[in-house]
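Peer 1: sequence plus predicted model, see below.
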Amino acid sequence: MPADALKQAVARAAVDYIAPKLDRHDIVGVGTGSTAGFFIDYLAQIKGHFDGTVASSEATATRLQSHGIPVYDLNSVDDVVVYVDGADETNPRLELIKGGGAALTREKIIAAVAREFICIADAGKWVDCLGSFPLPVEVIPMARSHVARELVKLGGDPVYRQGCETDNGNVILDVHNMRITDPRALETAINQITGVVTNGLFAHRPADLLLLGTEAGVEQIA
Ligand code: 5RP
């Protein structure tokens with residue numbers, strides 16, 4: 001089955017999962033990427049069932065608004081009942097690598113606020129050990145070379161993502177060749193480097209539920 005069909009299946013499953021729980025006052029957090037894009041399209045079918053959304057990127061906000069779904073500033077909402085987003089990799093502990101779409105910082109902020117974090121991913125994202133996908137790190141532009149040198153000391157091969165400016169006006173270093181055996185420790189260590197905004201490891205705040213699209217159907221893993 002093509003990856004897009006699996007992405008659509010998990011996006012549909014996420015809407016089916018959250019729909020019965022939603023109240024008309026609720027705010028839904030929405031992630032970024034192609035899987036999240038399918039989720040937005042299905043979410044539009046139940047848009048009367050909740051108040052509105054907070055978006056993890058400008059692209060997501062635009063897509064939500066194109067469906068007539070309200071998008072709020074995170075600072076203006078008290079509570080996010082659920083956050084739904086894709087991932088670049090997930091391990092069996094539901095620790096993730098995210099940021100392939102350069103939205104990692106806003107994604108991490110909404111995941112931190114949300115009561116429940118649901119990850120939607122096709123089976124190609126499932127790994128035993130994180131790190132085959134290069135780990136994105138969002139960096140303040142003037143600190144790029146310094147951060148790159150520090151990432152080399154941690155054992156990685158950072159590569160500047162050419163032509164990419166994040167929604168926050170920063171740059172991305174993609175760290176190759178890291179076999180991440182202790183995701184929580186590495187997440188902390190990278191975030192200690194001066195000039196790093198955040199990195200794409202979601203280990204201290206992993207997903208609560210994974211909807212994994214496989215050839216046999218959508219698996220729920222918690
Ligand atoms: C964006 C992300 C995405 O969730 C991740 O890149 C997965 O994208 P896709 O659903 O297109 O495979 O972290 O920053």
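Peer 2: Yep, that arrived.

Peer 1: now the strands: where do they sit in the chain?
Peer 2: 27-30, 52-55, 82-85, 89-90, 96-97, 116-122, 135-139, 157-160, 171-176, 196-199, 201-202, 209-214, 217-221 (DSSP state E).

Peer 1: I figured Ala189 was touching Leu154, is that so?
Peer 2: Yes - between Ala189 and Leu154 there is a contact under C-beta atoms under 8 Å: 6.1 Å. For every residue, glycine as well, the C-beta is placed using N, CA and C.

Peer 1: how about the residues of the chain near the ligand?
Peer 2: 31-35, 85-88, 98-104, 107 (C-beta under 6 Å from any ligand atom).

Peer 1: try 8 Å this time
Peer 2: The chain has residues 3, 7, 31-37, 56-57, 85-88, 98-104, 107, 120-122, 125, 136, 200 near the ligand, with proximity defined as C-beta under 8 Å from any ligand atom.

Peer 1: please pick the buried ones from these.
Peer 2: 7, 31-37, 56-57, 85-88, 98-104, 107, 120-122, 125, 136, 200 (16 or more other C-beta atoms under 10 Å).

Peer 1: can you flag which of the residues you listed belong to helices?
Peer 2: 7, 34-37, 104, 107 (DSSP state H).

Peer 1: nearest to Gly195, of these?
Peer 2: Leu104 (15.4 Å; C-beta to C-beta).

Peer 1: could you list every residue that touches the closest one?
Peer 2: Residues near Leu104 by C-beta atoms under 8 Å, 6 or more residues apart in numbering: 98, 136, 138, 198-200.
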